[in-house]
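[1] Compute the structure for the input listed below.
(2 chains)
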There are 2 protein chains.
Amino acid sequence: MNEFARIDAFTEAFSLRRPPFGPGDDAAVLPPSRRHQVVTTDALVEGVHFSRETFRFADIGHKALAVNLSDVAAMGARPTWAVCALQLPDDVSAKALRALSSGMAALAAAHGVSLIGGNVTRAPQLSVTVTLAGEVPKGRVALTRSRARPGHRVYVSGPLGSASAGLEVLKDAPRQRSRGGPVKFDRQWDGLVLAQRSPSPHVRWGLEAARFASAGIDVSDGLVQDLGHVCAASKVGMALETGALPVLEALLLWCESEAHVHRHALTGGEDYVLAVTVPPSRASAFERKLADIGHGAFPIGVVTRGHGVVVDGRAFTARGGYQHF
Amino acid sequence: MNEFARIDAFTEAFSLRRPPFGPGDDAAVLPPSRRHQVVTTDALVEGVHFSRETFRFADIGHKALAVNLSDVAAMGARPTWAVCALQLPDDVSAKALRALSSGMAALAAAHGVSLIGGNVTRAPQLSVTVTLAGEVPKGRVALTRSRARPGHRVYVSGPLGSASAGLEVLKDAPRQRSRGGPVKFDRQWDGLVLAQRSPSPHVRWGLEAARFASAGIDVSDGLVQDLGHVCAASKVGMALETGALPVLEALLLWCESEAHVHRHALTGGEDYVLAVTVPPSRASAFERKLADIGHGAFPIGVVTRGHGVVVDGRAFTARGGYQHF
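    Below is the predicted model of the structure:
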């Protein structure tokens, strides 16, 4: 495949706007906007964020967009457009590229995201870099990290620790070496593996939560590390209770000990759930609203006058949070 | 260096806006805009677009932004903000990262571009992916590829073939193998090497030209291939004269034959000059305006009723244009 064939193979799964509003010119054109926009960028790199033994190509495309959707959701914004920069080794076939593209296109369609441009280049290993924009709904401001105040309650949008446990499952699973196929794992770990390979970003949750919350962040590098960023930006502390952390039953089954469960829930990366702080006066309305849309909000602790994150009454040094170096 | 130290080393050369309008939140926030925006993304990958033997780290940072600036310039837009996704191998030192960052920050400052966000991840080899936005000046529309009409004149913004010849110079130059330093080359090839390592995107030229032009593109993959995109989008042909192609004197000195000169000028990639078509009624005003700002416009041919690019009266099959595969 030459460059143009690769671009065609990648873009055919998307319903594209025509140039100059979609791909096909030197840059895509966007109409004027009366609302605040948010912009984020994140990359998935082979050998760092995924391997071809444990991820299907559709997962790679899905996750590359999902991690960006989670950032936009954490700002309380509605995703709008994306550009995608692909680095493709020569051994990625047209079929594999179409699978990657289909995974991304399905998630984009589900969230109303338009692919407006991109870039394709050769490279020694596969990576997918997405830049995603969103718009802040009319009459609102973006949800940021700096307005958590002592007494505000801390909530997360879903179970913690699943994705890092899912990575353990995938690494432990026997490879089908003879056929070079994907790893096999027991169906009981489906929820954990799904969280790792194909996370569902909580976009609707973020949009609704932003109407009540004082601060928000997406939990991508481990709960304690990410809440630490909110503490630093807001100049507050947080007290969490491990007994309140939502986890999948599969996580309890997978882990050998309670300490192992807590390690995943507190420091495991890539959960792509959202964490927000909510003033107590708004807490019950917030909880009702999220129950209404059929999506829970899990209270896990409270904002304090201290600094840093305290877990079960003890200062927690978040050494375990995922760092890329 | 851990992830946060790398982010600090990269961002310190930039004058950043504070979060949520700059880096430091889950996404950057942009105010509403009353003008059309343009967005483009492009990546530089080690071993594909540069090597550490022939590029300095400052060149890598400069060029990663420059190639995007050229796309925005081709749309007749003024660059506004950028996000940068870095893939860094472990052997890129803090000093090297600062040099890369300084090269990009200087070019960003020269063009009034704000770095509003980014991402840093480990990777087996170095790559820099920039997403750049611009705004179309008040009362204008973006310059696209689809409105060239027969009789319109074809112009370029600067010398052709320099960058691909510069790559030949760098590949021919003796390596200082003992010290692992950069390659050495004779000063007479400075102009060619500069065009390859540190291209100057023609942003002001694009902004002025868009007031007169019917279509535009940036010449990044070779003149004939890129003009072929304009022909296809506008459903026209073009007739070029090799005698009219602007080239550096150093290119004439470097090349062994006229055919070699023409190969560089017609098919060499990475020149990052702009090509536009201008209706004849506006041609003299266009030429005067660009002379006024001290930047030439070089007429190289004319739009025809045919299809595809004809050079000196013969159909040109642009096999030589740079493709990434």
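[2] mind listing the strands for the stretch 51-200 of chain A?
    A:78-88, A:114-122, A:127-135, A:153-156 (DSSP state E, counting those that start in this stretch).
[3] quick one: average confidence on the shortest one?
    When pLDDT is averaged along strand A:153-156, the result is 98.
[4] pLDDT score assigned to A:A173?
    82.
[5] Poorly predicted segments of chain A, please.
    A:175-182, A:317-325 (pLDDT under 70).
[6] how does it divide into domains?
    A:3-23+A:34-135, A:153-315 (automatic domain parsing).
[7] what about these, which gets the closest to chain B?
    Go through the domains of chain A one by one with CB to the nearest CB and the one that ends up closest to chain B is domain A:3-23+A:34-135, at 3.8 Å. Using the backbone N, CA and C atoms, a C-beta is placed for each residue, glycine as well.
[8] Which stretches in the stretch 201-325 of chain A count as strands?
    A:215-219, A:237-240, A:273-278, A:298-304, A:308-311, A:314-315.
[9] looking at the ones you listed, which is closest to B:F185?
    Closest approach to B:F185 among the strands of the stretch 201-325 of chain A is made by strand A:215-219 (48.1 Å; CB to CB).
[10] Show me what that closest one is packed up against.
    Applying 3 or more CB pairs under 8 Å, 6 or more residues apart in numbering or on different chains; DSSP states H and E, we find strand A:215-219 packed against helix A:57-74, helix A:223-234, strand A:273-278.
[11] what do you get if the cut-off is 10 Å, keeping everything else the same?
    helix A:57-74, strand A:153-156, helix A:203-209, helix A:223-234, strand A:273-278 (3 or more CB pairs under 10 Å, 6 or more residues apart in numbering or on different chains; DSSP states H and E).
[12] For it, output the C-alpha coordinates as PDB.
    The C-alpha trace of strand A:215-219 is given here as PDB (Å, rounded to 0.1, in the frame of the first residue of the first chain):
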ATOM      1  CA  ALA A 215     -13.500  20.100  40.200                       C
ATOM      2  CA  GLY A 216     -12.900  17.100  38.000                       C
ATOM      3  CA  ILE A 217     -10.200  14.900  36.500                       C
ATOM      4  CA  ASP A 218     -10.000  11.700  34.600                       C
ATOM      5  CA  VAL A 219      -8.400   8.800  36.400                       C
END
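[13] Just want the angle from that strand to helix A:57-74.
    170 degrees (axes from the mean of the first three to the mean of the last three CA atoms, to 10 degrees).
[14] Please render the domains of chain A as a markdown table that adds mean neighbour count and distance to B:V83 to the earlier fields.
    Listed next are those as a markdown table, based on neighbours: other CB atoms under 10 Å in any protein chain shown; distance: least, CB to CB, whole Å:
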| stretch | mean neighbour count | distance to B:V83 |
| --- | --- | --- |
| domain A:3-23+A:34-135 | 22 | 4 |
| domain A:153-315 | 19 | 17 |
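[15] With respect to B:V278, which of these lies nearest?
    Closest to B:V278 of the domains of chain A is domain A:3-23+A:34-135 (CB to CB; 18.8 Å).
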